[in-house]
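Asks: Next comes the sequence, and after it the predicted model I'd like to discuss.
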Amino acid sequence: MSATGILLCAGGSTRMGFDKLMTPVSGKCAIARSAEALIAGGVTEIVFAVSERTRAFCEALPLSVPKTLVQGGAERRDSVRNAIAAATGDILVIHDAARCLVSPAIVRSSIASAEQYGNGVVALSVTDTVFLSEDGKLTRLPREKLLRMQTPQTFRKAEIAEAYRNTAPEAAEATDDCTLYALAGYVPHFVAGSEDNFKLTTPADFARAERYFTRYGTGFDTHRLVEGRKLILGGVDIPYEKGLLGHSDADVLTHAVMDALLGAAGLPDIGHLFPDTDPAFKDADSMVLLGKVVAAVAEKGLRPATVSAEIIAQRPKLAPHLPGMKRRFAEVLGIPEEDIALAATTTEGMNDEGRGLCISAQAVASAR
Ligand code: MG
């Protein structure tokens, strides 16, 4: 049996003051993430129910399966009804685009359930104690009988189409597909959802979703120590008899941090961004270059989240300068100092760093 994904992208997104379905969550918006999860879970076609706001985005979204766009309605059920009419699959996987953390595994099990039982409705059991609070009176509800409905809700097309033809008054009250399906006399078959499959509703949900999509990168750099150059590390001028040789200010620590951030964003390294053959970067302040890296990362819909870096140098003593470096990074990266960890180590006289020939630095950065 073939499965069509019905992706509901017409919902009122104005509650948050911005369009929650098209705002990047770690570089990719909810509509794109939901569509990808549906495809990875086995749908071979997607029907998008769109609003005037989301239409152009859905039209342009590149997909590996055929797509159709239908106009969403004033109510969710109007959108679903329009999408059902346009769908060609035997099984319809109806999903709210705002649940963009749905896993392909959940999509697959709801399709498998629909193949076997006629439907697969994703729901969660309740683990908290739940009270009904009415007129100052509390009644404890039997949580073992309660379900929290999620999506996708997946049905054989003929049956859900029939359920949507119901024009009875109780059908007009239904806020999800499962309710209409049950009103038509069918028995819902529940499939285990996940706490991760939550709906983007509030700005706090965005912060929560972004934590799932944190990306990491690593960076490393080495510069030669020579006489007649300033020693600049983490944007701080450090008094020393030697400095680092390089085309820019040779701030090895900042270079490692830049490469780590670029890596987290899946971008090419600093050599690509700021070639040392370009006179524009001669003696460049690496903190200014870091600002440009933050802007490039922002272009990908990402922001720096954390940085952890270590300088490898035999001399001079760097510990007193680390707080100053941290302040500079916090300013330029736009993150709190507590999300930046800086350390310095010697190599106990071994290696080129230990012999005072060079200073190196390595960094790990995350972005989301
Ligand atoms: Mg360098």
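Replies: Sure, I can see it. Numbers count the residues shown, from 1 in each chain.

Asks: Pick out the residue in this structure sitting closest to the ion.
Replies: Nearest to the ion, among the residues of the chain, is His255, at 3.6 Å (CB to the ion). Placement of C-beta: from N, CA and C, glycine included.

Asks: Give the buried residues for stretch 334-349.
Replies: 335, 339-340, 342, 344, 346 (16 or more other CB atoms under 10 Å).

Asks: Okay, helices next: where are they in the chain?
Replies: 30-40, 55-60, 76-86, 104-117, 157-164, 169-172, 177-183, 203-212, 252-264, 270-273, 286-299, 322-333, 351-354 (DSSP state H).

Asks: between those helices, which gets the lowest average pLDDT?
Replies: Lowest mean pLDDT of the helices of the chain: helix 169-172, a mean of 84.

Asks: If you count contacts, what does that helix end up packed against?
Replies: helix 177-183 (3 or more CB pairs under 8 Å, 6 or more residues apart in numbering; DSSP states H and E).

Asks: hang on, the earlier thing: tell me the most buried of the helices of the chain?
Replies: Mean neighbour count (mean count of other CB atoms under 10 Å) peaks for helix 252-264 among the helices of the chain, with a mean of 27.

Asks: Can I get that one in PDB, CA atoms only?
Replies: What follows is helix 252-264, C-alpha atoms only, in PDB (Å, rounded to 0.1, in the frame of the first residue of the first chain):
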ATOM      1  CA  VAL A 252      45.900  31.100  17.100                       C
ATOM      2  CA  LEU A 253      43.200  30.600  19.800                       C
ATOM      3  CA  THR A 254      40.700  32.700  17.900                       C
ATOM      4  CA  HIS A 255      41.500  30.900  14.700                       C
ATOM      5  CA  ALA A 256      40.800  27.500  16.400                       C
ATOM      6  CA  VAL A 257      37.500  28.800  17.700                       C
ATOM      7  CA  MET A 258      36.600  30.100  14.200                       C
ATOM      8  CA  ASP A 259      37.200  26.800  12.600                       C
ATOM      9  CA  ALA A 260      35.200  25.000  15.300                       C
ATOM     10  CA  LEU A 261      32.200  27.300  14.800                       C
ATOM     11  CA  LEU A 262      32.500  27.000  11.000                       C
ATOM     12  CA  GLY A 263      32.600  23.200  11.400                       C
ATOM     13  CA  ALA A 264      29.500  23.200  13.600                       C
END
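
Asks: Enumerate the residues of the stretch 151-300 of the chain near the ion.
Replies: Residues of the stretch 151-300 of the chain lying close to the ion by CB under 5 Å from the ion are 221, 255.

Asks: pull the longest strand from the chain.
Replies: strand 215-227 (DSSP state E).

Asks: sorry, back to before: would a markdown table of the helices of the chain with distance to Ser308 be doable?
Replies: Listed next are the helices of the chain as a markdown table, based on distance: least, CB to CB, whole Å:
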| stretch | distance to Ser308 |
| --- | --- |
| helix 30-40 | 28 |
| helix 55-60 | 36 |
| helix 76-86 | 45 |
| helix 104-117 | 32 |
| helix 157-164 | 50 |
| helix 169-172 | 56 |
| helix 177-183 | 46 |
| helix 203-212 | 17 |
| helix 252-264 | 9 |
| helix 270-273 | 18 |
| helix 286-299 | 16 |
| helix 322-333 | 11 |
| helix 351-354 | 19 |
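
Asks: Tell me the strands beside the longest strand of the chain, with direction?
Replies: Applying DSSP bridges to the sheet, strand 215-227 is found paired with strand 242-244 (antiparallel), strand 358-367 (antiparallel).

Asks: how about that strand: buried residues?
Replies: Buried residues in strand 215-227, defined by neighbour count with 16+ other CB under 10 Å: 215, 217, 219, 221-225.

Asks: Low-confidence ranges, the stretch 1-150 of the chain, go.
Replies: Within the stretch 1-150 of the chain, the set of residues satisfying pLDDT under 70 comprises 12-16.

Asks: who's in contact with the residue of the chain closest to the ion?
Replies: Residues in contact with His255, defined by CB atoms under 8 Å, 6 or more residues apart in numbering, are 219, 221, 270, 286, 361.

Asks: what's the spacing between it and Ser248?
Replies: According to CB to CB, to the nearest Å, His255 and Ser248 sit 8 Å apart.

Asks: Let me see the contact set for Leu262.
Replies: Here Leu262 is in contact with 217, 219, 268-270, 273, 293, 296-297 (CB under 8 Å, 6+ apart).

Asks: and which of these is nearest Glu45?
Replies: Val297 (34.9 Å; CB to CB).

Asks: Give me the spatial nearest neighbour of the closest one, chain neighbours excluded.
Replies: In space, and not counting its chain neighbours, Val297 is closest to Ala265: 4.5 Å by CB to CB, 6 or more residues apart in numbering.

Asks: Many thanks, we can stop here.
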